[in-house]
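A.B. asks: Give me the fold of what follows.
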Amino acid sequence: MKILVLTLWCLVPVGLLAYHYGPGQEQMVLDQSAALLDGAKSKAASGDLSGAIAGYEETLAKLPKDKLAEARRIRLELAKARMENSELPKAREELAALADELAQDPNAHAGLRDETLSALASSRFYMTYLMKLEGLPDSEWEPEIEAARQEQKLLVQRASEAGDSAAAKKHGDDLEASIKLARMEPEELYGQAIPKQCNCCSGKCASNKPGTKPSQKPKDGRGAGAGAPADGEGS
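C.D. replies: Numbers count the residues shown, from 1 in each chain. Just a heads-up that it's a prediction; the model follows:
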């Protein structure tokens, strides 16, 4: 009996070493990723958007490749932070890629799929806002706002079918705001405060297209209190 106990005792360090260099390593990586993610969320909540973006990017870099659902959630939060940090074109591009990926995955979480589509439609709304401010022709911004409207109509339909009246109303309000924005003349936007998300360039700037500058400089409302979208309605 003593020999058996001593043998088992001697095997304890071997077992610990096996765990440390096996499952323990993966757990350490997950713990590090969780700590990084918590830090990024805290920075986002405190308004340190650049710090949050760096944190989300570092978390994604460390996260194991098989943690697909977690990575997708982080990618969505990263894109949202970019939108708030004057990186709208890049956020829109990343949201489009994520939304397409989720739409093609039958096992994707429906809530994350719809939240991503809603964020993508919102980014399209603000891209349209920017392009109108920059005086770009209809052919530049119309496809963008039309895509936003189609995505918002789909979200209204899904929410209605699910019996979620609050979500259906929210998406319906977003859809109405997109319709109004599409109908507005650029001059109607010039006197309004610029939404925070539009504190950047669309990437198709009028400065690169001689002769398409707006005839009137828009009011810069990027200071305290700025952030209201066109006509005061969110997307």
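
A.B. asks: Can you give me the pLDDT of Gly135?
C.D. replies: Here, the pLDDT recorded for Gly135 equals 89.

A.B. asks: check which helix or strand covers it.
C.D. replies: Per DSSP states H and E: Gly135 is located in neither a helix nor a strand.

A.B. asks: Relative to Tyr190, how far out is it?
C.D. replies: Gly135 sits 10 Å away from Tyr190 when distances are taken as CB to CB, to the nearest Å. (Glycine included, C-beta is placed from N, CA and C.)

A.B. asks: same deal with Ala69?
C.D. replies: Using CB to CB, Ala69 is found at 44 Å from Tyr190.

A.B. asks: And Glu84, by the same measure?
C.D. replies: 23 Å.

A.B. asks: give the contact list for the closest residue to Ser118 other than its chain neighbours.
C.D. replies: Nearest non-adjacent residue to Ser118, counting by CB to CB, 6 or more residues apart in numbering: Leu155, 5.9 Å away. The neighbours of Leu155, taking CB atoms under 8 Å, 6 or more residues apart in numbering as the test, are Asp114, Leu117, Ser118, Ala121, Ala167, His171, Asp174.

A.B. asks: if I pick Lys62, what's in contact with it?
C.D. replies: Applying CB under 8 Å, 6+ apart, we find Lys62 in contact with Val29, Gln32, Ser33, Leu36.

A.B. asks: and which of those is nearest Ser42?
C.D. replies: Distances from Ser42 to the contacts of Lys62, taken as CB to CB, are shortest for Leu36 (10.8 Å).

A.B. asks: quick one, what contacts the closest one?
C.D. replies: By CB under 8 Å, 6+ apart, the contact set of Leu36 is Gly55, Glu58, Thr59, Lys62.

A.B. asks: what's the answer for Ala182, then?
C.D. replies: Taking CB under 8 Å, 6+ apart, one finds Thr128, Glu142, Ile145, Glu146, Arg149 in contact with Ala182.

A.B. asks: at 7 Å what do you get?
C.D. replies: Ile145 (CB atoms under 7 Å, 6 or more residues apart in numbering).

A.B. asks: before we move on, what about Gln32?
C.D. replies: When contacts are counted by CB under 7 Å, 6+ apart, Gln32 touches Lys62.

A.B. asks: what residue ranges in this structure score low on pLDDT?
C.D. replies: 1-23, 25, 205-235 (pLDDT under 70).

A.B. asks: redo that, cut-off 90
C.D. replies: Within the chain, the stretches with pLDDT under 90 are 1-36, 65, 135, 185-235.

A.B. asks: For this protein, which segments are assigned as strands?
C.D. replies: Read by DSSP state E, the chain holds no strands at all.

A.B. asks: which residues of this structure fall in helices?
C.D. replies: Per DSSP state H, the chain has helices spanning 2-21, 23-46, 49-62, 68-84, 88-103, 110-133, 138-161, 165-183, 186-190. These are given in chain order.

A.B. asks: Can you mark which positions in the fourth one are buried?
C.D. replies: What it means is helix 68-84. Neighbour-count burial for helix 68-84 flags 70-84 (criterion: 16 or more other CB atoms under 10 Å).

A.B. asks: out of those residues, who's nearest Cys198?
C.D. replies: For the buried residues of helix 68-84, the nearest to Cys198 is Met83 (9.9 Å; CB to CB).

A.B. asks: From Pro186, how far out is the residue lying closest to the closest one once chain neighbours are set aside?
C.D. replies: The shortest distance from Met83 to any non-neighbouring residue, by CB to CB, 6+ apart, is to Ala91 (4.4 Å). Look at Ala91 and Pro186: by CB to CB, they are 23 Å apart.
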